[in-house]
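> Let me see the structure of the following:
(one chain, ligands or ions: 1)
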Amino acid sequence: MDIVKTRAEVRAALNRTTGRVGLAATMGALHDGHVAVTRAARAESDFLVASLFVNPAQFEGADDFQTYPRPFERDMDIFEREGVDLVWAPPVEEVYPDGFETYVEPGPISHRLEGEYRPGHFRGVATVVAKLFNVIRPNVAVFGQKDWQQTRVIDALIRDFDFDIEMPVVPTVRNGEGLALSSRNRLLSDDQSLAAAIVYRALKSAADAYESGERDAPTLRELVASTLAAEPRCRTEYVSAAHAFTLDELDRAAEPMVISCAAYVGRVRLIDNMVFGVDLYGAEAS
Ligand code: PAF
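Model (predicted):
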């Protein structure tokens, strides 16, 4: 496995390869969710590139950006173990050199849900992902279900900017209590981590109601909201039951559908979702 910093080094490595190029794009602090993404990308490609870049353009506050975990050596061990061929871990000035001034502005799908609470976040994501696509030119790029809205924004980016890239989405990986794995989870105390599992239970209560025949979408949203509200350490930001691809809120629950929410436990912001009637990579919709 080679680890490189510059675009020129990435290009040089790619020039020496043939076959399908895969991309696992990450901000590091890898967990089993990233491992699932990396394995899917490995299975779908001949030459696998993993990127590790904590992208300042998608963070709202300097604090969140600075406290983002960066266990570089451990991340490299995981990439190596998972059969990555090339890691691109650029410094900030390689991605955003002096004079950088052009950003990708995603459309309305980026303004709701996460976009409402994290203005500018998806502009940062779309910009860096467009750059990753341009430098690495992957045939296939794999992303995780946990950031469902992100997958929709990237899907629109691929479509609107004519990237010839397949984008499988792998199911969310959860811990024993159901908490969706996330790099920020390591900022939770043990106690908070147990409390945070309420997010999974809240979504599960709506999923169970839907599976049992409940089709009133406001009722499903209310089930999630009231379950979250019962945990005093949890502060809810939003609850949604929406069309899985347009993210338009539903009156009647119908597939394809995504039920999602965002909530704080302590200072850690958690997002999670469950999708219905959507093909995820290597799994039934969950
Ligand atoms: O999901 C992430 O880790 C990031 O948003 C991504 C796609 C690597 C872009 O910085």
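> CA only for contacts and neighbour counts going forward, please
Will do.
> Find me the pLDDT at whichever residue of the stretch 1-150 of the chain sits closest to the ligand, would you?
Going by CA to the nearest ligand atom, the ligand is nearest to T26 of the stretch 1-150 of the chain, at 3.9 Å. Looking at T26, its pLDDT reads 98.
> Enumerate the residues of the protein near the ligand.
Contact residues, the chain versus the ligand (CA under 6 Å from any ligand atom): A25, T26, M27, N55, V125, V129.
> Identify the residues contacting A207.
With contacts defined as CA atoms under 8 Å, 6 or more residues apart in numbering, the neighbours of A207 are M274.
> Can you give the distance of the helix or strand containing it from its chain's centre?
For A207, the element it lies in under DSSP states H and E is helix 198-211. Centroid separation for helix 198-211 versus its chain: 20 Å, with CA atoms, centre = their mean, to the nearest Å.
> For that helix, which residues meet the burial criterion?
Buried residues in helix 198-211, defined by neighbour count with 16 or more other CA atoms under 10 Å: I198, V199, Y200, R201, A202, L203, K204, A206, A207, A209, Y210.
> which residues touch whichever helix or strand comes after that helix?
Counting by DSSP H and E, the next helix or strand C-terminal to helix 198-211 is helix 217-229. The contact list for helix 217-229 (CA under 8 Å, 6+ apart) reads 198-199, 201-203, 205-206, 209-210, 214, 234-236, 239-241, 250-253, 259.
> before we move on, back to that, tell me which of the residues of the chain next to the ligand fall in helices.
Among the residues of the chain next to the ligand, DSSP state H puts V125, V129 in helices.
> Redo the residues of the chain next to the ligand as a markdown table? Include neighbour count.
Shown next, in a markdown table, are the residues of the chain next to the ligand (neighbours: other CA atoms under 10 Å):
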| residue | neighbour count |
| --- | --- |
| A25 | 24 |
| T26 | 18 |
| M27 | 18 |
| N55 | 19 |
| V125 | 23 |
| V129 | 18 |
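> could I get the helix holding A207 in CSV with only the CA atoms?
Provided in CSV are the C-alpha atoms of helix 198-211 (Å, rounded to 0.1, in the frame of the first residue of the first chain):
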residue,chain,number,x,y,z
ILE,A,198,-32.2,5.8,22.0
VAL,A,199,-31.7,7.2,18.4
TYR,A,200,-31.8,3.6,17.1
ARG,A,201,-34.7,2.6,19.3
ALA,A,202,-36.7,5.7,18.2
LEU,A,203,-36.2,4.8,14.5
LYS,A,204,-36.9,1.2,15.2
SER,A,205,-40.2,2.1,16.9
ALA,A,206,-41.3,3.8,13.7
ALA,A,207,-40.0,1.0,11.5
ASP,A,208,-41.9,-1.6,13.5
ALA,A,209,-45.1,0.5,13.3
TYR,A,210,-44.6,0.8,9.5
GLU,A,211,-44.0,-2.9,9.2
